[in-house]
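J.: Below is the structure, and that's it, no one-letter string:
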C-alpha cells in the first residue's frame, strides 16, 4: 500500500529458537534455486552497444554487450512457474509464492550488478538455508506468534510478550525470516515525509567523515575507533594463521575471531550512528556514491586500508535512524577548489592549495564544502566562500603574510567531533 505524503520505516528484531527446521529450510533452499533456474532459462539476451563509464567526446566505441531481460509475463510468473514448483513442494503452498518473489528479487539484484560490470553471466546460486514467510503464513495476536509450515499440521509457536523488543515494536508486522537457530521479525511503521530542517553532505575518508554547514561549520566524525578494531583483529589473525598452518585445530579460532570482529564493529557503528542521529535531529544525510571494488588498485597496503573502511555500514544504519538522501557524485571533489572552482592536482598531503586563487585549506574540509555546494546546487563563488566559510587557512597554521591569501575564520576552523570509543580486546 502506498500512502500519499508518507513512507515506510522498517525495523527488524531477532528471536532465538530451538526448533529443528533444517529439513524444511533445505527444502525451501531447493525450491528457491529451482525458481531461479526456471526464470534464468526464460531470460532473453539483447545485444546493445557498450557505454563506457568515462567516455571521450568524439570517440566512437564499437564494443557491444549482452543485456539480460527478465520474463515479465504474468501467465508465466503466476501460473506456469507456480504450478511447476508446486508439484515437488510438500509444505504449505504459499511458500511457493514467497520463493518466486524472492527469486525475482535475487535476479534483479544480479542484473543491476551485471550492468555495472560487477557480475558475470553466471547464474546465481542459493547457498544459505532460510525461508521467507509471507503475512498469509502466520498469525500474530496479543504477543503470540504461530507460523504455518504444513497446512493444518505443523506450526512454529513463539511467545513474544517477554521479548525485549515487544513493547517498543511499532507498526504493522511484515514478512518473517526463519533461520536454523533464529527468527527475524519485521515491523513497518508509516512515517510522514517532511522536508528536513537541515541537510549534511559527508565526505568519506579512511579515518573520518567530514561535512560542512554554514551554521555548524566543519563537522568531523572520527572513524579511527572502527579502523582500530579491524587492525587489532588483523594482527591477531596474522599470528594465528602462522600457527594454523601447522595445527589445523586452530582454524576454528580464526572463525571465532572473525565473528567477534564483525560483532564489535557493528556495535561501535550502532553507537556512532545513534549519537549522530541524536546530535543532528531532523537532518537528512547525503553520502558520496563510492564503490570499494572500483577503488582497489595494485597496492597491497592501500587495498588493506580501504577494506577496513565501514562507510556502507554507517550509511545503512543512518538510513533508518535519521534518513539518508540520494548519493552525491564524488568526482573531482578533492581536486576542485571550493572557493573559485578551479581544478588542481590531487593533494598529496593534508593541505589543499589552489593555484588559481591561492586558497590553502585542509583537503578534507575542501572536499566537504564542494559536496555541500553540489547538494545545494550552488556555484563556486569566492564572495560566498569568504562570507560563509570564512576564507580560512589550514587549521593551526598562521598566515604567511601573503596579501592574496584569504583570511582565517576561527569560528569554523575547529571541527566538531563525534568520537567512537569502544573496547577492542
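T.: Perfect, I can see it now. The shown structure was predicted, so the numbers you read here are calculated from the model rather than taken from an experiment. Residues are numbered from 1 along each chain as shown.

J.: Could you say whether the residue nearest the centre of the chain sits in a helix, a strand or coil?
T.: Nearest to the geometric centre of the chain sits residue 312, at 3.8 Å (Cα atoms, centre = their mean). The three-state label given to residue 312 by DSSP: H, G, I helix; E, B strand; the rest coil is helix.

J.: just residue 76 next, same as before
T.: Taking three-state DSSP, the label given to residue 76 is helix.

J.: hang on, the earlier thing: contacting residues for the residue nearest to the centre of the chain?
T.: Going by Cβ atoms under 8 Å, 6 or more residues apart in numbering, residue 312 touches residue 292. No exception for glycine: its C-beta is placed from N, CA and C like everyone else's.

J.: Kindly state the pLDDT recorded for it?
T.: Looking at residue 312, its pLDDT stands at 89.

J.: Residue 189 versus that one, what's the distance?
T.: 24 Å (Cβ to Cβ, to the nearest Å).

J.: do residue 240 as well
T.: Where residue 189 is concerned, residue 240 sits at a distance of 44 Å (Cβ to Cβ).

J.: who's more crowded, these two?
T.: Using other Cβ atoms under 10 Å as the criterion, residue 240 and residue 189 rank with residue 240 on top: 17 against 13.

J.: so the more buried one sits in a helix?
T.: Yes - under three-state DSSP, residue 240 falls within a helix.

J.: tell me the mean pLDDT for the helix ranked longest in the chain?
T.: Among the segments of the chain that qualify as a helix by DSSP state H, the longest is helix 251-279. The average pLDDT within helix 251-279 is 89.

J.: again with stretch 328-348
T.: 89.

J.: contact partners of that stretch?
T.: 201, 203-204, 286-290, 352-357, 359, 361, 363, 365-367, 369-371, 373-375, 379-380, 382, 385-386, 389, 391, 406.

J.: Show me which positions of the longest helix of the chain end up buried.
T.: Residues 257, 261, 264-265, 268-269, 272-273, 276-277 are the ones in helix 251-279 that count as buried (16 or more other Cβ atoms under 10 Å).

J.: Over to stretch 149-165?
T.: Neighbour-count burial for stretch 149-165 [16+ other Cβ under 10 Å]: 149, 156, 158, 160, 163.

J.: Let me know the secondary structure of the first one.
T.: Okay, so that is residue 149. Per three-state DSSP, residue 149 ends up strand.

J.: who touches residue 326 in this structure?
T.: residue 286.

J.: Make sure it is indeed in a helix.
T.: No - under three-state DSSP, residue 326 falls outside any helix and is assigned coil.

J.: distance of it from residue 190?
T.: From residue 326 to residue 190 the distance is 22 Å (Cβ to Cβ).
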